[in-house]
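1. Predicted coordinates and the sequence they were generated for:
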Amino acid sequence: VIAKSINPSGGGGDIPEGWTEGTVAPSISPEVESELESCASGGCDDPSGTELTAGTYNASGTPEFDGITFNTSDGDITVVTGGDLELNDIEITGGGNVTMYVRGELAVDSAVNDGGNATQLVSLVHSDGGVRFDGNSDYTGVIYAPKSDLTFNGAPAISYRGALVAEDLNINGNIKKFDFEADPNLSEFRIVTGSRALTYLHVSENGIEVDLD
């Protein structure tokens with residue numbers, strides 16, 4: 001967990017060990033905008049049905065994925081949306097990866113990749129958007145939203161396995177009971193998109209020494 005600020009409330013307590021506060025990570029907005037431009041030129045399919053297979057989909061007219069299976073047996077799946085996207089009861093099958101580019105708000109309201117591999121699901125959120133988790137929800141994967149607010153409503157009914165990066169992380173509930181588990185498979189994980197490759201720990205610290213004569 002990496003954020004510029006972490007704000008527990010509702011009987012919060014100290015920030016859990018291993019969480020990092022005070023870190024600013026690189027924006028993903030240019031990559032989201034690039035994907036949206038590609039879809040605008042007609043290079044993306046419209047999502048339909050309860051199963052999506054390999055390809056790139058424009059979900060700008062689909063504000064909710066409910067009961068969807070992402071079948072990656074034949075290749076990776078990319079979802080692009082210029083608006084909000086709500087995820088409910090999402091399953092990933094096959095050995096490929098699912099990447100979501102979201103300009104608006106990403107909302108998680110129930111099981112998303114529950115019991116799956118955290119490296120197979122990456123959600124990238126534009127600085128104009130945000131992320132919201134509501135009660136009785138869980139997510140296995142990476143959420144990279146370094147310039148956005150990320151809010152958890154309803155902990156401890158929320159569980160998360162993987163890694164997340166946000167600007168302001170707000171937890172409305174007892175942070176000590178929030179069920180978060182880091183995935184060791186992500187230790188060398190890189191978000192490869194466009195011309196840049198970002199690690200979810202893609203941060204740096206530069207020391208400056210000043211000599212006064």
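-> Everything's here; your move.
2. Could you find the closest non-adjacent residue to Gly22?
-> Excluding its sequence neighbours, the residue lying closest to Gly22 (Cβ to Cβ, 6 or more residues apart in numbering) is Lys4, at 6.7 Å. The way it works is simple: take the backbone N, C-alpha and C, and place the C-beta from them, glycine included.
3. Could you do Ile175 as well?
-> Nearest non-adjacent residue to Ile175 (Cβ to Cβ, 6+ apart): Pro8, at 4.1 Å.
4. Please list all residues in contact with the spatially most central residue of the chain.
-> Nearest residue to the geometric centre of the chain (Cα atoms, centre = their mean): Ile143, 1.8 Å. By Cβ atoms under 8 Å, 6 or more residues apart in numbering, Ile143 lies in contact with Leu106, Val122, Ser123, Val125, Val131, Leu150, Gly162, Ala163, Leu164, Val165, Ala166.
5. closest to Glu37 among the residues you listed?
-> Sorting those by distance to Glu37 puts Val125 at the head of the list, at 17.3 Å, by Cβ to Cβ.
6. who's in contact with the closest one?
-> Under the contact definition (Cβ under 8 Å, 6+ apart), the residues listed for Val125 are Ile28, Val32, Val102, Leu106, Val131, Ile143, Tyr144, Ala145, Ser148.
7. May I have the beta-bridge partners of it?
-> Counting by DSSP bridges, Val125 forms beta bridges with Val102.
8. Please report how far it lies from Phe65.
-> From Val125 across to Phe65, the span is 15 Å (Cβ to Cβ, to the nearest Å).
9. and what of Val142?
-> For Val142, the distance to Phe65 - Cβ to Cβ - is 17 Å.
10. same question, Gly49
-> Gly49 is 11 Å from Phe65, by Cβ to Cβ.
11. got any ranges where the chain has weak pLDDT?
-> 10-13, 155-157, 174, 176-177, 192-213 (pLDDT under 70).
12. biggest strand in this structure, by residue count?
-> strand 137-153 (DSSP state E).
13. can you give me the offset of it from its chain's centre?
-> For strand 137-153, the separation from the chain centroid amounts to 5 Å (computed by Cα atoms, centre = their mean, to the nearest Å).
14. can you pull out the helices in this structure?
-> For the chain, the helices defined by DSSP state H occupy 29-38.
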